[in-house]
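[1] Okay, here's the prediction I keep looking at, along with the sequence it came from:
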Amino acid sequence: MGRLLALSLARRGHAIDVYDAHGPEGDGAAARVAAAMLAPLAESAITEPGVVRMGQHGLARWPELLAQLDQPVFFQQNGTLILWHRQDAGDAQRFCGLLEKNRRINPSLPPLQHLAGEDLQTCEPALQRRFAQGVYLPDEGQLDNRQLLAALHATLARLGVGLHWGQARELGQFQPGTAGQPDWVIDCRGLGARGQWTALRGVRGEVVRIHAPEVTLQRPTRLIHPRYPIYIAPKEDHLFVIGATEIESDDMSPASVRSTLELLSAAYTVHPGFAEGRIVEVATQCRPTLPDNLPAVRWSAPRVLEVNGLYRHGFMIAPAMLDVVMQLLDGAEPQLARRFDVAIEHAQLATA
């Protein structure tokens, strides 16, 4: 979120400084660990209509934003495939029922396509008839989050943005609008902002990255699971990001044996080629989340704006939140915030 805002403001000719407690690779941030799927219809089963509308907005905006970068970023808009084993047909029926209900709420979402037999085989040949049924969600997409972080870093550096890596800052260290201080301060620190935004909490996720040359899945694939839908997001060069776990905890310790086994076992049932793959990384991170699981913008002071609470939808809704914030900074009517049901709060700057 911070890098996207810095890019937009720098392209307008503003002098920008970015302070980050960690490094340019995004270590320490949920953005580095995420699968970066752009799936508003699939996510509609667990979120509010405003977030779904933000996701639709993001699908249109991401190609425009990526075109501004100095380095290529993998972006795909090849839909999402939902699969299930026969014993999980009841859970799949309930899940798809939620998607249909949300399509009625938001008719601009594309219709689900129920697939079986040859239609399913044509949609995803790599499955080799291991599944009898599936549902295809058109138009949904994904990008490579780590390529994006690197491309944003390179472009910001070329534009002359001051990049201060490994330099944590607190809001109280700035007096915006005074001599020798910035005109504005925008806080996009995620969980790093809990000192000021005490309602923030961490929601832990665990992700496995696998290099599997024998697997040729063409799009993000979600497997209905008795406890949670597991996703497999194929990136370039046969790299796959596999995840699902969501734990109400800000624990940053290594992944549990149970969740890792569940993720790997589920991936293997989708395609046996994962058995010969190589585990590149097992990563954990916590998503910054507000009590209602929705993003918000908060004025801490007249020239201090906080953006937070993107939860599990960070990449999906980041372009919409970017446009909401830019509209606010322009002093315009917050039409986008209303359209997306983004809360705009006002609070006093926290003091020690």
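    Alright, I've got the coordinates.
[2] Wasn't Ile279 part of a strand?
    Yes - according to DSSP: H, G, I helix; E, B strand; the rest coil, Ile279 belongs to a strand.
[3] On the pLDDT front, check Arg258 for me.
    In this model, Arg258 is scored at 88, pLDDT.
[4] same check, this time on Leu349
    Per the predicted model, pLDDT is 43 at Leu349.
[5] ditto for Ala126
    So Ala126 comes in at 96 (pLDDT).
[6] quick one: it from Leu217, how far?
    5 Å (CB to CB, to the nearest Å). In this view, the C-beta of every residue, glycine as well, is placed from N, C-alpha and C.
[7] Please identify every residue contacting each of the two.
    Residues touching both Ala126 and Leu217 by CB atoms under 8 Å, 6 or more residues apart in numbering: His271.
[8] When these two are compared, which one has more neighbours?
    Comparing Ala126 with Leu217 by other CB atoms under 10 Å, the one with more neighbours is Leu217, at 22 against 16.
[9] Remind me which helix or strand that one belongs to.
    Per DSSP states H and E, Leu217 falls between elements, in no helix or strand.
[10] got the contact list for it?
    Glu124, Ala126, Ile232, Pro234, Phe240, Val270, His271.
[11] Helix or strand next in line after whichever strand or helix holds the third one, which one?
    With elements delineated by DSSP H and E, Ile232 resides in strand 230-234, which encompasses its position. In the C-terminal direction, the helix or strand that comes right after strand 230-234 (DSSP H and E) is strand 239-243.
[12] I'd like the mean pLDDT over that next one, please.
    Mean predicted lDDT for strand 239-243 stands at 97.
[13] before we move on, what SS does Arg209 have?
    Under three-state DSSP, Arg209 falls in the strand class.
[14] How about Leu159, nearest residue that isn't a chain neighbour?
    Once flanking residues are discounted, Leu159 sits nearest to Ala10: 4.5 Å by CB to CB, 6 or more residues apart in numbering.
[15] what's near enough to touch that neighbour?
    Ala10 neighbours (CB under 8 Å, 6+ apart): Ile16, Leu156, Leu159, Gly160, Val161.
[16] quick one: the last one from Gln93, how far?
    Translated: Val161. On the measure of CB to CB, Val161 and Gln93 end up 50 Å apart.
[17] just to revisit the earlier point, could you check the angle the strand holding Ile232 makes with strand 239-243?
    160 degrees (axes from the mean of the first three to the mean of the last three CA atoms, to 10 degrees).
[18] Parallel or antiparallel, list what pairs with strand 230-234.
    strand 221-223 (antiparallel), strand 239-243 (antiparallel) (DSSP bridges).
[19] Contacts for the longest one next, please.
    By that I understand strand 239-243. Under the criterion CB under 8 Å, 6+ apart, residues 35, 205-212, 215, 217, 230-235, 263-264, 266-267, 274, 277, 280 lie in contact with strand 239-243.
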